[in-house]
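**Student:** let's see this in three dimensions:
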Amino acid sequence: MSDSLLRVGNDFSKDLSEKYHTTVYDYRDKNFYMVIRGLSVPWRKNTDNLRECYSLISNENTNVFNEKYLYGYNEIDIKLIMHHFEADSYSADIENSTEYINRIMIPKEIVTSHGSYSELQIRNKKNYSDNSYISLKPSYIIAIDEIEPYIIDESQRLGIPIILIKNKDLILKSSSYIDELSYKYADSSYRENERSQKR
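**Tutor:** Modelled structure (predicted):
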């Protein structure tokens, strides 16, 4: 997964950066995958949580849990991923926290096999000095469609750039299993009919 994630590169926007007095990259017309974490309050380093919930988004589907601050990450240590699911896992902050199963999926499948947001559970590192946990520091903060003042403030506070993207809702006709990495979904009867036509 880490190899597929956005690496901030040549899409620096001089005009937007000068306008908002912080570094801005414009990805509104670019292809990307991002691991994001949504929070209702600004990010802080220390936490009591064993793990945090993240989502994988792309230019094809930017659906996220409805939170104010959207933080992005250049890379993820896959050894810390506890669980992934293409929709909400309804998880809790414990080991084995959801009944939903992991499936072997590539990033495109995670993002496009359900019309909602995906869930990644990523373990926090232990802070043995006070028995708390250390939350993964964001690489950038995301603005969808427009850059709000609080996004500028958070960019400047953490010293991280803003990534500007377009809102994109993925509308599916079904929430069944994905078929051949497309938006077409097939139940067993469809597959049986397809086999019959090929005979």
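**Student:** tell me where the chain is predicted with low confidence.
**Tutor:** The model of the chain has pLDDT under 70 over residues 1-7, 9-10, 82-107, 109-117, 171-199.
**Student:** for it, what spans make up the helices?
**Tutor:** 14-20, 107-112, 149-158, 188-198 (DSSP state H).
**Student:** what's opposite Leu164 in the beta bridge?
**Tutor:** Under the criterion DSSP bridges, Leu164 forms beta bridges with Asp26, Ala143.
**Student:** I figured it hits Glu148, correct?
**Tutor:** No: checked against Cβ atoms under 8 Å, the pair Leu164 and Glu148 is beyond contact range at 11.2 Å. To be clear about C-beta, it is placed using only N, CA and C from the backbone, and glycine gets the same treatment.
**Student:** between the two, which is the more surrounded one?
**Tutor:** Between Leu164 and Glu148, counting by other Cβ atoms under 10 Å, Leu164 is the more crowded of the two (21 against 12).
**Student:** got a list of what that one touches?
**Tutor:** Neighbouring residues of Leu164 by Cβ atoms under 8 Å, 6 or more residues apart in numbering: Ser13, Leu16, Val24, Tyr25, Asp26, Tyr27, Arg28, Ile142, Ala143, Ile147.
**Student:** for the nearest residue to Asn124 once chain neighbours are set aside, list the residues it contacts.
**Tutor:** Spatial nearest neighbour of Asn124, chain neighbours left out: Tyr133 (3.7 Å); criterion: Cβ to Cβ, 6 or more residues apart in numbering. If you count contacts by Cβ under 8 Å, 6+ apart, Tyr133 has them with Asn46, Thr47, Asp48, Asn49, Leu50, Asn124, Lys125, Lys126, Asn127.
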